[in-house]
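Engineer: return atomic coordinates for the entry below.
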Amino acid sequence: MKKEAKTIYYADEKNDDFAGTHIKGCAVDESFPYIRESPLFRAASFFLYYFVAFPLVWFFERVILRMRFVNKKAVKKCRGQHYYLYGNHTGWYDAFTPNLISVPERCRIIVSKDTVSIKGLRTVVQMLGAIPIPTTVHAMKRFGEAVDLHHKDSNITVYPEAHIWPYYTGVRRFSDVSFSYPVRQGAPVIAFFTAYTPPKGFLSCLRKANMTVYVSDPIYPDRTLPEREARKDLCERVHAFMQEKSQLSTYEVYAYRQTERTEEAKAKI
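Structural biologist: Residues are numbered from 1 along each chain as shown. Sure, this is the predicted structure:
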């Protein structure tokens, strides 16, 4: 018998967050160490990423979550260029999924302040590739420099929806602001969408749904357009890919319904 989806109410599609982490975010200002060049940090980061985190991520997502990928080989069409990944934001495991798309190349991820706000773990998450969005205007220059620098040796992931809506099967509206990075650099974009189907197969009792990640062919910025228009055009093409693949989700863990009652929109999952 199919399990009935629990209803989650939301009021603001762009700003409501259902991650449920309850982390008290710290300030990410101009003093934040965005760029860390010490040989010891770089060596520890390499070891932690490839020899500790990646094997654990691979086992968890491929075996426990039974995540599979469609068209992952498309990233090879980027012809040796580092690219930007844009995906739908539907679970805490989103922090790891791009690593499986990007492998063997390293992948970094633009994150919220919450990711670097857990006491004692800031250095670790930076070693794993977290680049937090600043909380002050004065830090924006250093943030931009860090993104440009890391893109020289890594692929970079952006979740334009910004907030986590667990197991959401649609595509939310998102701004074109984050598309300024690939437009400015003329870099290719890889869009991906995580679709959900009923939990079946090996260890299905340990997961709420099966997951299939659909990967796009490279999407290039239109260099003939002014920057603002090119940004909008790229955003629309990525959104269209996600919208198309969202039709392949056939199972709802949670049913999201819009309401004006804010207290219901913040209901715990």
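Engineer: list the contacts for residue 142?
Structural biologist: The neighbours of residue 142, taking Cβ atoms under 8 Å, 6 or more residues apart in numbering as the test, are 30, 32, 34, 35, 134. Just so you know, the C-beta spots here come from the backbone N, C-alpha and C atoms, and that holds for glycine as well.
Engineer: doesn't it fall inside a strand?
Structural biologist: No. Judged by DSSP: H, G, I helix; E, B strand; the rest coil, residue 142 forms no part of a strand; its state is helix.
Engineer: now do the helices in the stretch 101-250 of the chain.
Structural biologist: Remark: helices assigned in the stretch 101-250 of the chain by DSSP state H, counting those that start in this stretch are 122-127, 140-151, 180-185, 227-246.
Engineer: in contact with the closest residue to residue 236 other than its chain neighbours, which residues?
Structural biologist: Closest residue to residue 236 in three dimensions, ignoring its sequence neighbours and counting by Cβ to Cβ, 6 or more residues apart in numbering: residue 176, at 7.9 Å. With contact taken as Cβ under 8 Å, 6+ apart, residue 176 is in contact with 231, 232, 234, 235, 236.
Engineer: type out the ChimeraX command that picks the buried ones from those residues.
Structural biologist: Listed next is the ChimeraX selection for buried residues among the contacts of residue 176, using 16 or more other Cβ atoms under 10 Å:
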select :231,232,234,235
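Engineer: from the contacts of residue 176, which is closest to residue 14?
Structural biologist: Nearest to residue 14 among the contacts of residue 176 is residue 235, at 13.9 Å by Cβ to Cβ.
Engineer: pull the number of nearby residues for residue 26.
Structural biologist: By other Cβ atoms under 10 Å, the residues close to residue 26 number 16.
Engineer: would you mind measuring from it to residue 200?
Structural biologist: 42 Å (Cβ to Cβ, to the nearest Å).
Engineer: what's the answer for residue 249, then?
Structural biologist: For residue 249 relative to residue 200 (Cβ to Cβ), the value is 15 Å.
Engineer: so which of these two has more stuff around it?
Structural biologist: Neighbours were counted for residue 249 and for residue 200 using other Cβ under 10 Å; residue 249 has more, 21 against 11.
Engineer: wait, what's in contact with the more buried one?
Structural biologist: By Cβ under 8 Å, 6+ apart, residue 249 lies in contact with 169, 195, 196, 197.
Engineer: go again with 10 Å.
Structural biologist: Neighbouring residues of residue 249 by Cβ atoms under 10 Å, 6 or more residues apart in numbering: 88, 90, 167-170, 193-197, 209, 211-212.
Engineer: could you find the closest non-adjacent residue to it?
Structural biologist: Distance criterion Cβ to Cβ, 6+ apart; nearest residue to residue 249, sequence neighbours excluded, is residue 169 at 3.7 Å.
Engineer: residue 200 now?
Structural biologist: Nearest non-adjacent residue to residue 200, counting by Cβ to Cβ, 6+ apart: residue 210, 6.0 Å away.
Engineer: and that neighbour, how many neighbours?
Structural biologist: Counted with other Cβ under 10 Å, residue 210 comes out at 19.
Engineer: ditto for the one 4 residues further on
Structural biologist: Neighbouring residues of residue 214 were enumerated by other Cβ under 10 Å; the total is 20.
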